[in-house]
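In: Below: sequence and its predicted model.
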Amino acid sequence: MNILVTGGAGYIGSHVGKKLAEAGYNVIVLDNLSKGHREAVKKGKLLVGDLADTGLLDRILEEEEIQGVIHLAADSLVGESMEKPGKYYRNNVANGLNLLEAMVKNGVKYIVFSSTAAVYGEPEEVPITESHPTHPENTYGESKLFFEKIMKRYDQIHGLKYVSLRYFNAAGADLSGQIGEAHDPETHLIPIVLEKALGIRDKLYIFGTDYPTKDGTCIRDYIHVEDLAAAHILAIEGLAAGLESRIYNLGNGEGYSVKEVIEVAEEVTGKKIEADIRERRAGDPAVLVASSEKIKKELGWQPLYPDLKTIIESAWRWHQGGGFGGND
Ligand code: UFG
């Protein structure tokens, strides 16, 4: 089966592409390399291009005989999305729409979409199930929610079937150590903590110690990127086997505070990791923990690496190796 992976040179996309290829799929990656890395595409064919290019999308779907799409290409920084909303609506919604139009035109019926816990906003209850109300507090989350609504309409009108995967906090690195998380700038907690441990970052800040949590710091549900990648394969297989369109949360159902993450990182690295305290970061909910019972029950998804220590160990191996030639 020929699968197009948009954003397949990015952090999560590169792990998805690798796992798909290992499962026997023919992988075609489309990435504009604005944030992705050429070296991250370990398997399959990399086509460098942008979703804004409708002619290119048509050509790829036709010439590569694409049967299904996994769509991860997006802008994904919450902070930036509140400074440049237009960039997020254009790239995540309008350019994504180009992809759906090209799929309809070329008779491609299945799409797995990379969505986010940010669609929920501040949760009313945890663990968060898929039926929890959606009140995104930032443009990033809203852009992803818009796209989910568009896919629903395309299913109704064009019969396009989708699985939307709402990721909680993706973390860790491929266990082979070949690919991992390399954002520029880096904003995510675990890589920042590990860069501090490596001495390549001066300061680590804890954003807020006055949250209503056990130790005052935010609680998140960290999910190993390999477990996340595996869910995409189950989703595309499900769609190909006739699964109706649906939405799934993806997390481990267990929350860890920022302080706990730092403690586990100290254990893994064997180093003392100093942190300074700062005021809260705008738009951070106190607690985000997923219920992933639905995907477990319906698709048989089971996380293989739910343990935070294993997640951080895999990231540590990757960071110690210098990332893609030096943590760019
Ligand atoms: N944090 C710090 N210091 C840092 C970085 C982060 O204290 O230097 C804290 C944050 O305040 C937050 C927690 O660590 O409480 C996790 O922060 P991340 O930036 O690693 O992850 P987020 O939970 O903010 O973001 C993740 C995804 C987003 C997605 C969001 C959904 O990366 O794409 O979950 O809420 F939108």
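Out: Cool, got the structure. Numbers count the residues shown, from 1 in each chain.
In: Tell me which residues touch the closest residue to the ligand within the stretch 201-328 of the chain, please.
Out: Nearest residue of the stretch 201-328 of the chain to the ligand, counting by C-beta to the nearest ligand atom: C218, 3.0 Å away. C-betas here are computed from N, CA, C, even on glycine. Counting by C-beta atoms under 8 Å, 6 or more residues apart in numbering, C218 makes contact with F207, G208, Y211, S257, V258, D284, P285, A286, V287.
In: Go again with 6 Å.
Out: If you count contacts by C-beta atoms under 6 Å, 6 or more residues apart in numbering, C218 has them with Y211, V258, D284, A286.
In: of all those residues, which two lie farthest apart?
Out: V258 and A286 (11.1 Å; C-beta to C-beta).
In: the more surrounded of those two?
Out: V258 (25 against 18; other C-beta atoms under 10 Å).
In: How is the closest residue to the more buried one other than its chain neighbours assigned, secondary-structure-wise?
Out: In space, and not counting its chain neighbours, V258 is closest to T217: 3.8 Å by C-beta to C-beta, 6 or more residues apart in numbering. With DSSP: H, G, I helix; E, B strand; the rest coil as the basis, T217 sits in coil.
In: Going forward, count from 14.
Out: Sure, I'll start numbering at 14, so the last one becomes T230.
In: And the closest residue to L74 other than its chain neighbours, what's its pLDDT?
Out: Leaving aside its chain neighbours, L74 sits nearest to N119 (4.0 Å; criterion: C-beta to C-beta, 6+ apart). Predicted confidence (pLDDT) for N119: 98.
In: Then E137?
Out: pLDDT, E137: 95.
In: L301 too?
Out: At L301, pLDDT is 95.
In: wait, N105 sits on S156?
Out: Yes: the pair N105 / S156 is scored as a contact, 3.7 Å apart, by C-beta atoms under 6 Å.
In: Those two: which has the busier surroundings?
Out: Legend: neighbour count by other C-beta under 10 Å for N105 and S156, higher for S156 (27 against 24).
In: tell me which element that one falls in.
Out: Per DSSP states H and E, S156 falls inside helix 152-171.
In: Tell me the buried residues in that helix?
Out: 152-161, 163-164, 167-168 (16 or more other C-beta atoms under 10 Å).
In: Much appreciated, bye for now.
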